[in-house]
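>>> I'd like to go over a predicted model; first the sequence, then the structure.
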Amino acid sequence: MPDSGFTLQDCPAGPDRATLDAYRNLAVANISDAMSRTTGTSALRPMHRTRRILGRAYTVRTRPGDNLMVHKAIDAAQPGDVIVVDAGGDMSNAIIGEIMVGWAAKRGLAGFVIDGAIRDSETLAAGDFPVYARGVAHRGPYKDGPGAINVPVTVDGMVVLPGDLLVGDADGLLAIRPDEAPGIAARVRAIAESEAKVLQEIERGTLDRAWVDAALKAKGVL
């Protein structure tokens with residue numbers, strides 16, 4: 001039988017509740033530092049008011065400009081899931097809009113990440129349902145497929161596996177493998193504590209900046 005171009009797979013269990021809670025208030029910039037600044041998005045921006053997103057990645061790869069499999073993902077995903085859509089970064093047609101966001105919110109999903117366009121942007125910007133996207137297009141999507149659900153995808157150069165922990169704020173998005181998440185969270189907490197001390201030293205006027213000249217001297221700059 002010829003390949004139909006459609007794939008539907010189950011999503012792995014993903015992060016547990018304790019892991020989700022541990023990341024609920026962590027800054028993406030600090031998480032990025034703890035992950036050696038080697039991954040994450042920069043072109044996808046929050047289109048909603050609260051600028052946060054957190055949940056299990058429920059991935060979709062679709063033909064650019066087509067959202068048939070995104071509709072299926074909304075129906076099949078579990079409450080708390082983030083639907084992550086690799087739409088090839090195409091900006092010709094919106095992948096989601098107000099109606100799909102309303103249905104996803106009703107089902108208890110945790111948000112959308114779209115490497116592509118959305119529409120009804122003014123309405124989404126006034127709401128708190130998490131939506132990240134590359135930009136806005138008024139033209140609606142096609143509903144023909146093909147596409148795949150719960151396969152590895154790439155959004156803005158970041159590989160996302162189904163079941164990953166997906167976290168985002170105003171600075172961007174990161175996908176974290178669930179088995180690596182506890183160790184990364186511990187490093188993030190240490191970074192946050194260090195930054196808090198630096199801010200205290202700035203406030204007191206005792207911040208030591210000798211490292212700047214030391215770094216230049218080490219490079220031969222007098």
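That came through fine.

>>> can you list contacts of the top helix by length along the chain?
Looking across the chain with DSSP state H, the single longest helix is helix 181-204. With C-beta atoms under 8 Å, 6 or more residues apart in numbering as the test, helix 181-204 has contacts from 15, 19, 22-23, 26-27, 30-31, 33-35, 165, 176, 207-208. Every residue, glycine included, has its C-beta placed from N, CA and C.

>>> G5: which of the residues you listed is nearest?
Here the nearest of the contacts of helix 181-204 to G5, counting by C-beta to C-beta, is L165; it sits at 29.2 Å.

>>> of the contacts of helix 181-204, buried ones?
P15, T19, A22, Y23, L26, A27, N30, I31, A34, M35, L165, I176 (16 or more other C-beta atoms under 10 Å).

>>> quick one: which of the residues you listed sit in helices?
Checked against DSSP H, the buried ones among the contacts of helix 181-204 include these in helices: T19, A22, Y23, N30, I31, A34.

>>> how about CSV for these, with distance to S4 and pLDDT added?
Formatted as CSV, these follow (distance: C-beta to C-beta, whole Å; pLDDT from 0 to 100):
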residue, distance to S4, pLDDT
T19, 36, 97
A22, 41, 96
Y23, 37, 97
N30, 44, 97
I31, 38, 98
A34, 42, 97
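
>>> State the pair within those residues that is farthest apart.
Pairwise over these, using C-beta to C-beta, the maximum falls at T19 and N30, 16.2 Å.

>>> longest strand in the chain, by residue count?
strand 53-62 (DSSP state E).

>>> In the chain, mark out all the strands, start to finish.
6-8, 45-46, 53-62, 81-86, 94-96, 111-118, 131-136, 147-149, 153-155, 158-160, 165-169, 172-176.

>>> Make TSV out of those and add mean pLDDT and distance to V188.
TSV is the format used below for these (pLDDT from 0 to 100; distance: least, C-beta to C-beta, whole Å):
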stretch	mean pLDDT	distance to V188
strand 6-8	96	34
strand 45-46	96	20
strand 53-62	98	14
strand 81-86	98	19
strand 94-96	98	30
strand 111-118	98	21
strand 131-136	98	20
strand 147-149	98	31
strand 153-155	98	22
strand 158-160	98	18
strand 165-169	98	10
strand 172-176	98	10
